[in-house]
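1. sequence plus predicted model, see below.
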Amino acid sequence: MNTAVIDVSKLPAAVEDHTSPIWWGNLFMLFIETTMFALLVGTYFYLRMNFTNWPPVRSDVALYRTDPDLGFATANLLVLIASCVPMFIVDRACLRMDLRTVRLGMTAMVLIGLGTIALRFFEFSGLKFRWDDNAYSAVIWTVLGMHLLHLITGTAENLLMTLWVWLKGLDIRHARDVRVGAAYWYWIAGVWIPLYAIVYFGPRWL
């Protein structure tokens, strides 16, 4: 019995976008994480139906108004949206194998990521509740906490890729990895827009 032999020597060592298994793995991971946030949002609205006041009123007169503060939260939202611009520039630079732009852009993204993480910790102090005060506080702390984990993960990935391109340069495989990381960062920024509206304007509108 003869065995057919296929010559794969001419196949590329790395591929881009939807032809790459890493691209698909990242896409399905984002589907899973989006579902997780959707479940948290569903929990938020389910709990809302069980309270007359939303957020629940605190007995402390100084904290009778329990709407979460907008200052740091809005600043963080604007930073996240704006961060998509340098990330997109890096994304396009990877297609051109423009090492200098990728290096500078990724360095900027690491600094931006650290800034968003710092702002998130200030956001927690503006929620007016401890995480264990009631069901409402548990949900909003979980939403902010889970998104914070993604900020940390995305920034850590950007840091690793930044170190690589500064120390080792840029090849096709790592250009693809940077672009996959860019897609993840777009998701981090994009998913926060509806979550921000729910956490910070839900108490004011519902």
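-> That came through, no problem. Numbers count the residues shown, from 1 in each chain.

2. could you use CA atoms for every contact and neighbour count after this?
-> OK.

3. so where's the protein uncertain?
-> Per-residue confidence of the chain (counting by pLDDT under 70) places the weak regions at 1-5, 7-19, 57-65, 206.

4. again, 80 this time
-> Counting by pLDDT under 80, the chain contains low-confidence residues at 1-23, 26, 51-66, 206.

5. pull the longest helix from it.
-> Taking DSSP state H as the criterion, the chain has its longest helix at helix 135-167.

6. what's the spacing between that helix and its chain's center?
-> Averaged C-alpha coordinates place helix 135-167 at 6 Å from its chain's average position (CA atoms, centre = their mean, to the nearest Å).

7. packing partners of that helix?
-> If contacts are counted by 3 or more CA pairs under 8 Å, 6 or more residues apart in numbering; DSSP states H and E, helix 135-167 sits against helix 21-48, helix 99-125, helix 172-196.

8. pull out the buried residues from that helix.
-> Using 16 or more other CA atoms under 10 Å as the test for burial, helix 135-167 gives 135-137, 139-141, 143-144, 147-148, 150-152, 154-155, 157-159, 161-162, 165-166.

9. and for stretch 36-48?
-> Of the residues in stretch 36-48, those buried by neighbour count under the rule 16+ other CA under 10 Å are 37, 40, 41, 44, 48.

10. over to stretch 187-198?
-> By 16+ other CA under 10 Å, the buried positions in stretch 187-198 come out as 187, 188, 189, 192, 195, 196, 198.

11. roughly how far apart are the third one and residue 93?
-> Remark: distance between residue 189 and residue 93 (CA to CA, to the nearest Å) = 20 Å.

12. same question for the first one.
-> Distance of residue 187 to residue 93, computed by CA to CA: 19 Å.

13. cool, the fourth one as well?
-> As judged by CA to CA, residue 192 and residue 93 stand 26 Å apart.

14. now do the contacts for residue 191.
-> residue 34 (CA atoms under 8 Å, 6 or more residues apart in numbering).

15. ah, wrong one, I meant residue 34
-> Contacts of residue 34 (CA under 8 Å, 6+ apart): residue 191.

16. please apply the same query to residue 22.
-> By CA under 8 Å, 6+ apart, the residues touching residue 22 are residue 180.

17. just residue 196 next, same as before
-> The contact partners of residue 196, by CA under 8 Å, 6+ apart, come to 73, 77.

18. also residue 179?
-> Contacts were defined as CA under 8 Å, 6+ apart; by that measure residue 179 touches 90, 91, 94.

19. one more pass at 7 Å, please.
-> Shown in contact with residue 179 (CA atoms under 7 Å, 6 or more residues apart in numbering): residue 91.

20. try residue 152
-> With contacts defined as CA under 7 Å, 6+ apart, the neighbours of residue 152 are residue 117.

21. what of residue 28?
-> Applying CA under 7 Å, 6+ apart, we find residue 28 in contact with no residue.

22. helix, strand, or coil at residue 56?
-> Reducing the assignment at residue 56 to three states with DSSP: H, G, I helix; E, B strand; the rest coil gives coil.

23. roughly how far apart are the most centrally placed residue in the chain and residue 154?
-> In the chain, the centroid-proximal residue (CA atoms, centre = their mean) is residue 188; its distance is 2.1 Å. Using CA to CA, one obtains 8 Å as the distance from residue 188 to residue 154.
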